[in-house]
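Chemist: following is a predicted model, sequence given first.
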Amino acid sequence: MPKQQPKPHAKEPVRLPVRKTYKLFIGGAFPRSESGRTYQVNDADGTFLANAAKASRKDARDAVAAARKAFGGWSGRTPYNRGQILYRIAEMLEGRHAQFTAELRATGLPKSAASAEVDAAIDRWVWYAGWADKLAAVLGSANPVAGPFFNFSTPEPTGVVAVIAPDSPLLGLVSVVAPVIVSGNTAVVVAAPSAPLPAVTLAEVLATSDLPAGVVNILTGDRAELAPWLASHMDVNAIDLAGAGGGDVAALEEAAAGNLKRVLRPGDGDWTGDPGTARMTAFLETKTVWHPVGV
Amino acid sequence: MPVADFGDAGGVSTETLTSAAELRAFLNGLPGVDRVGAEERAARLASRSIKTTAKAAAIDLAISMVDLTTLEGADTAGKVRALCAKAARPDPSDPSVPRVAAVCVYPDMVETAVAAVAGTPVKVASVATAFPSGRAPLAAKLADTEAAVAAGAAEIDMVIDRGAFLAGDLMKVHDEIVATKEACGDAHLKVILETGELATYDNVRRASWLAMRAGADFIKTSTGKVAPAATLPVTLVMLEAVRDYRAATGRRVGVKPAGGIRTTKDAIKYLVLVNETAGPDWLTPDMFRLGASSVLNDLLMQRRKLATGVYSGPDYFTLD
Amino acid sequence: MVFEYAPAPESAAIVDIRPSYGLFVGGEFTDGHGEPFKTVNPADESPLAEIACADAADVDRAVAAARAAFDTVWGPMPGAERAKYLYRIARIVQERSRELAVLESIDNGKPIRESRDVDVPLVAAHFFYYAGWADKLGHAGFGPDPRPVGVAGQVIPWNFPLLMLAWKIAPALACGNTVVLKPAETTPLTALLFAEICRQAELPPGVVNIVTGAGATGQALVEHPGIDKVAFTGSTEVGRQIARSVAGTSKRLTLELGGKAANIVYADAPLDQAVEGIVNGIFFNQGHVCCAGSRLLVQESAADELLERLKARMATLRVGDPLDKNTDVGAINSAAQLARIRELADAGEAEGAERWSPACELPGEGYWFAPTVFTGVAQSHRIAREEIFGPVLSVLTFRTPDEAVTKANNTPYGLSAGIWTEKGSLILWTAERLRAGVVWANTFNKFDPASPFGGYKESGFGREGGRHGLEAYLDA
């Protein structure tokens, strides 16, 4: 956090903190925006925090390509393995508890609330981690068809999911990303424009959690600029409009109809309650397989 | 068409086999049969609706394909003579009814049967090779066959050694068919697979090919002594085998479902199966037979219904 | 000998087609205020009846009737009582099954064997199946007390007119919703007979409303602000329009759209059953099947043998009078559809694929297209990419399982797929990788009310059938 300014009247040489460049997270790497654009992010008091990358439509395109590339491998992992990696994310997040608390405080939260939100975000990863190897049991079925066939249905990930993250910069973000990837989807996330820094720091957590490159890609910048490109992108299979402004939903849904994306409409914005399974099932397909039974 | 012509065999009977391993590899390399799919296909064909003129033609064809059979421990010369009379003239009141293809009896009844059908085109077929179980030394099986042929049987219905087949001794099964074929001389050889004991359609297909490669003129489903006897799907699989065998070798092998065929409806379903699987080339008594006895009266009864427009009854047809 | 089957027509005397039909709104047959239209018998182009056309005001009336029934009768009714109505409907469908089958074949052109043995039995089964859910919804995994969504607007296609009606109406009613359903313009008759069945069952007025008409009627229905849920089965293009039209509303949406299914035949397949599966996959219902196995992907090492068998088998297909019990392939549903099939088949030829049909005499009147197979098809050909929705099979080859899967998935659609091999592990490996909602292994085109059906990608979203099929009609 670039909060510490050198004290002007200090006699002894003051060590100048090393600031972090907040970049995008695409395909496991941290590139700047191809556009070269940034935008200034301030804290709740209006003090300069960072120049965040302002992603362009081309960055969005690259992120989709990275997510598509990662889909086969990630969805092909065993659910146990995905669960372990999600749990690893929780572990890494716990280790950076203080850092996230500080970043949330910068967005204006009091210390206790910021700390509680980090707790909740960690616990959310843990909650979803456990779902990885239970979804098929809960959502799948062996179907008793009227004939000599074994017939079973299993949930499968939809594919590449665009996530328009809500304004809640950490808990909201985790609450929309975790349910997308736990089942094997890959994600292109547009972080909350007002508070993008926790999202980039979360990317650092993801990058050190054995999550394969490209499974989660995080774009910072102008939501209204990026969302339409993702909504209309023909290689995106679904879109979560959690953070889309009320006025934009209709246009985004309309754009999403171009390739019949699965659309999850914005909810009530409360991320503290029991998450339930709806955010996972929104990005699952059901595959039904038939096979004859006979000698 | 000449009933004596058993297809275009052209002298091709057996192929040179290098080894038991080659035979096994060949048979196991045949495409598999999916039970559900095969049964579905047979049921689909069985739902064909054969009416009016098509039905009349089918009934006459079916009559001409019947191997009128008596294979009882209680068979007597009198019983066999009665059967032969029926075979030569199925409906004494209607000379337009075709004759059946053959009578089928035990070897010791062949002489009686031959005498009884003398002067008619009806052939005498004899079961042999320790029918129905086939559990006898090869020498006894061959003696059984030779005796039947010597007594005048034109067709021999042998049984394969199902025990050897299931135990994997395919060469034994093969060699016994070759030996029996040799013992037949000019008599035509029908090879009974006893599909009810082979249990799977994969085995039925393999046994069909094995029998054809060993020189069978016909492949036949069953002895009639084991349930299930002939079924539509089993016959479908065998018809596919003779079709494929002809495509591969040029030789046509006949098919004979036997046992369990009781009604005209049953018989016509088999003809539809032949028509749409092996094709019209098999729709002759040379290439397709129905091993049955009670079906004949039902065919006659249905025939009269078509001719007169009124339903008939069993009292109007002879029970032999 | 040549074994010719004599004609074996199912008697049409069992159906009584009236000269004209009205809309079914609030339990009564009423006039429509749009321009009435005719439905024709596609087998001979003879007009069957004049059908009322619902305009926007008629749709409004129907939605109001459905809303009233939802608020006052059907919504509050205990599930166990709703169940009994659905069981009643299932039973009446069984009782009148022959009549429904004959009427379906007359209006649609499909062979009586299929309407009698597939469509209508599945209709009864569907109502029977969902009847049983009506009082068990709390056990379905959507919370302890899931509520109905409200009024459903449902638009269905012409390929399985009555069966698609059942897929839409049975789960909707079981969950406590009321419906306004629009049957396809070319096949309204069985839906209108179904309205009579609702009356025989004494279903409360307004629970089921049927509005007939063309695209404009359907549009008025899906855009009506008074409906809570839209369910559509039909083309991907119309599905897209509907998705756009519900954008920004609170309406729930499920879509079951087009397909271009790959039917993968590995060299070790049970060949005879594979041939049956291919034939059933593409020639069932004249290929008017969204999940038709229209792209045959055959392993190159088995291609020649398979194609030889396939062509021999196609030569035994009996094309003709839909009411003849021995007909395998009936009439194309409409002149417009026939024109589309012809256009795409011609494009296939023009693009260099080799076209083959068995010798078969087509009737002089009516809409007919001979079963056709194209070999030498490349992924880039239109006939390998576009849904033809007719009896036209495109054959492509592959060398390895990876290539098969890649080619199979190389389409914007994802409704169904087939796999043929005797090797169990290869079936599961392939099934896992196919991006399709229904995978038939060593079988094809099987349907059951207990089995969820629906697509990936541009084949739509949501599932019909099974426990999964309840989700679209519950506010969980």
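Modeler: Nice, thanks for sending it over. Numbering: from 1, shown residues only, chains lettered A, B, ... in the order given.
Chemist: tell me which element the residue in chain C that chain B sits nearest to is part of?
Modeler: Closest contact between chain C and chain B, by CB to the nearest CB, is at residue C:273 (3.1 Å). For the C-beta atoms, the positions are set from N, CA and C on the backbone; glycine is no exception. Using DSSP states H and E, residue C:273 falls within helix C:271-283.
Chemist: now for the helix or strand that that helix is followed by, which elements pack on it?
Modeler: Beyond helix C:271-283 in the direction of the C-terminus, DSSP H and E gives the next helix or strand as strand C:295-299. When contacts are defined as 3 or more CB pairs under 8 Å, 6 or more residues apart in numbering or on different chains; DSSP states H and E, strand C:295-299 packs onto strand C:262-265, strand C:392-398, helix C:401-409.
Chemist: direction included, what does strand C:295-299 pair against?
Modeler: Using DSSP bridges, strand C:295-299 pairs in its sheet with strand C:262-265 (parallel), strand C:392-398 (parallel).
Chemist: any idea which of those strands is most buried?
Modeler: Greatest average neighbour count among the strands paired with strand C:295-299 goes to strand C:262-265 (a mean of 28), per mean count of other CB atoms under 10 Å in any protein chain shown.
Chemist: contacts for that strand?
Modeler: Residues outside strand C:262-265 that contact it (CB atoms under 8 Å, 6 or more residues apart in numbering or on different chains): C:274, C:277-278, C:281-282, C:293, C:295-299, C:302, C:306, C:398, C:404-405, C:407-408, C:411, C:417-421, C:430, C:434, C:444.
Chemist: residues in contact with the most centrally placed residue in chain B?
Modeler: Among the residues of chain B, the one closest to the centroid is residue B:256, at 2.4 Å (CA atoms, centre = their mean). Counting by CB under 8 Å, 6+ apart, residue B:256 touches B:67, B:190, B:218, B:219, B:220, B:221, B:288, B:289, B:290, B:291.
Chemist: residue C:231 contacts residue C:149, correct?
Modeler: No. Applying CB atoms under 8 Å as the test, residue C:231 and residue C:149 come out as separate, 10.2 Å apart.
Chemist: hmm, back to that, next, format the helices and strands packed on strand C:295-299 as CSV and append distance to residue A:284 and mean pLDDT.
Modeler: CSV is the format used below for the helices and strands packed on strand C:295-299 (distance: least, CB to CB, whole Å; pLDDT from 0 to 100):
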stretch, distance to residue A:284, mean pLDDT
strand C:262-265, 22, 98
strand C:392-398, 29, 98
helix C:401-409, 18, 98
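Chemist: so which of those is nearest residue C:325?
Modeler: strand C:392-398 (25.0 Å; CB to CB).
Chemist: contacts for the closest one?
Modeler: Strand C:392-398 is contacted from outside by C:264, C:278, C:282, C:287, C:293-300, C:303, C:307, C:341, C:344-345, C:348, C:353, C:369, C:372-379, C:381, C:383-384, C:404, C:407, using CB under 8 Å, 6+ apart.
Chemist: quick one, it and helix C:271-283 angle?
Modeler: 130 degrees (axes from the mean of the first three to the mean of the last three CA atoms, to 10 degrees).
Chemist: how about the CA coordinates for strand C:392-398, as PDB?
Modeler: Taking C-alpha atoms only, strand C:392-398 is exported to PDB below (Å, rounded to 0.1, in the frame of the first residue of the first chain):
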ATOM      1  CA  VAL C 392     -29.900 -35.900 -45.000                       C
ATOM      2  CA  LEU C 393     -26.800 -37.500 -43.400                       C
ATOM      3  CA  SER C 394     -23.300 -36.000 -43.800                       C
ATOM      4  CA  VAL C 395     -20.400 -38.500 -43.400                       C
ATOM      5  CA  LEU C 396     -17.000 -37.500 -42.300                       C
ATOM      6  CA  THR C 397     -14.100 -39.600 -41.200                       C
ATOM      7  CA  PHE C 398     -11.600 -39.500 -38.400                       C
END
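Chemist: what about the closest residue to residue B:140 other than its chain neighbours, distance to chain A?
Modeler: Among residues not flanking residue B:140 along the chain, residue B:130 sits closest, at 6.3 Å (CB to CB, 6 or more residues apart in numbering or on different chains). Distance, residue B:130 to chain A, using CB to the nearest CB, to the nearest Å: 28 Å.
Chemist: hang on, residue B:130 packs against residue B:142?
Modeler: No. Using CB under 8 Å as the test, residue B:130 is too far from residue B:142 to be in contact (10.3 Å).
Chemist: and residue 46, what does it touch?
Modeler: Here I'm looking at chain A. No contacts exist for residue A:46 under CB under 8 Å, 6+ apart.
Chemist: that's the wrong chain, I meant chain B
Modeler: Residues in contact with residue B:46 (CB under 8 Å, 6+ apart) are B:232, B:269, B:272, B:273.
Chemist: repeat that for residue A:138.
Modeler: Here residue A:138 is in contact with A:277, C:141 (CB under 8 Å, 6+ apart).
Chemist: quick one: is the host helix or strand of residue C:129 near chain A?
Modeler: Following DSSP H and E, one finds residue C:129 within helix C:120-133. Yes. Against chain A, helix C:120-133 shows contacts by CB under 8 Å from any CB of the partner chain at residue C:125.
Chemist: who's in contact with that helix?
Modeler: A:146, C:83-87, C:89-91, C:93-94, C:97, C:100-101, C:104, C:140, C:162-163, C:165-167, C:170-171, C:173-175, C:447-450, C:465, C:467, C:469-470.
Chemist: low-confidence ranges, the chain, go.
Modeler: With no chain named, the answer covers chain A. Where chain A drops to pLDDT under 70, the residues are A:1-11.
Chemist: let's see stretch B:180-189 as PDB, backbone CA atoms only.
Modeler: Extracted in PDB, the C-alpha atoms of stretch B:180-189 (Å, rounded to 0.1, in the frame of the first residue of the first chain):
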ATOM      1  CA  THR B 180     -19.700 -84.700 -40.600                       C
ATOM      2  CA  LYS B 181     -19.900 -82.800 -43.800                       C
ATOM      3  CA  GLU B 182     -17.600 -85.500 -45.300                       C
ATOM      4  CA  ALA B 183     -19.800 -88.200 -43.900                       C
ATOM      5  CA  CYS B 184     -22.800 -86.600 -45.600                       C
ATOM      6  CA  GLY B 185     -21.600 -87.100 -49.100                       C
ATOM      7  CA  ASP B 186     -24.100 -85.600 -51.300                       C
ATOM      8  CA  ALA B 187     -26.600 -84.900 -48.500                       C
ATOM      9  CA  HIS B 188     -26.900 -81.300 -47.400                       C
ATOM     10  CA  LEU B 189     -25.700 -80.400 -44.000                       C
END
